[in-house]
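J.: quick one: sequence and predicted model below, then my questions.
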Amino acid sequence: MSQARREGRILLLACGALAREILALKQINGWDHMDLHCLPAILHVRPEKITPAVEAAIAAHRADYDRIFVVYADCGTGGRLAAKCADLGVEMVAGPHCYAFFEGVEEFALKEEVTTFFLTDFLVRQFDAFVTRPLGLDRHPELRDMYFGNYETLVYQAQTDDPALTEKARACADRLGLAFERRFTGYGDLARALADQAGT
């Protein structure tokens, strides 16, 4: 048994898109017994790769920790990630995706905003890497209406009060031809889920 395991440490195995938020919550709450290991956020472009990547990371780190908590929602895996975590006896964040748990899973489900495109702090910062280039809009801007013609509003779920990010999010909405709305969500259900794991 390793020293880390004797000390009762918890590994947060997370999507890289949540790294900044998780580190902030660790610092705010003094969760020094929790370590963070992130998988590449770009896996969201190929969600079929998320489950095997999480499984491999659990296998690599399990011996060193008393407990591993997977900080992913379903994230387009079609239930496969939840099934794998259940098989491995590992808990994970509830909900379909990070937009839901930032806003609150139950509240998000009630809204049924099918014509809304969501951005988080991370996605505003990485808009070109995760939206513009993967969809080819940098090379073929005429594809915008094909991808976004059925959307009406871009909702920026703000985890922090950052006027520069808000303006960047507004610019993203303008580029996509969508109305803009900012919602301050803070860390939502993510904070509550981590607090439950931390024992606070």
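T.: The structure has been received and is ready for your questions.
J.: quick one, longest helix in this structure?
T.: Counting residues, the longest helix found in the chain (DSSP state H) is helix 163-176.
J.: and it, average pLDDT?
T.: Across helix 163-176, the average pLDDT comes to 98.
J.: flag the shaky bits of this structure, pLDDT-wise.
T.: Counting by pLDDT under 70, the chain contains low-confidence ranges at 1-7, 200.
J.: can you map out the strands along it?
T.: 10-15, 34-39, 67-71, 91-92, 116-120, 153-158, 179-184 (DSSP state E).
J.: export the ones you listed as CSV, with columns for distance to residue 132 and mean neighbour count.
T.: Any C-beta I mention is one placed from the backbone N, CA and C, and that applies to glycine too. Putting those into CSV (distance: least, Cβ to Cβ, whole Å; neighbours: other Cβ atoms under 10 Å) gives the following:
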stretch, distance to residue 132, mean neighbour count
strand 10-15, 20, 23
strand 34-39, 23, 18
strand 67-71, 26, 22
strand 91-92, 30, 17
strand 116-120, 12, 20
strand 153-158, 14, 21
strand 179-184, 17, 14
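J.: and of those strands, who's closest to residue 170?
T.: Closest to residue 170 of the strands of the chain, according to Cβ to Cβ: strand 179-184, at 5.0 Å.
J.: which strands and helices lie in contact with that closest one?
T.: strand 153-158, helix 163-176 (3 or more Cβ pairs under 8 Å, 6 or more residues apart in numbering; DSSP states H and E).
J.: any chance of the ones you listed in a markdown table, plus distance to residue 78?
T.: Compiled in a markdown table, the helices and strands packed on strand 179-184 are given as follows (distance: least, Cβ to Cβ, whole Å):
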| stretch | distance to residue 78 |
| --- | --- |
| strand 153-158 | 23 |
| helix 163-176 | 26 |
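J.: winner for burial among the ones you listed?
T.: Among the helices and strands packed on strand 179-184, strand 153-158 has the highest mean neighbour count (mean count of other Cβ atoms under 10 Å), at a mean of 21.
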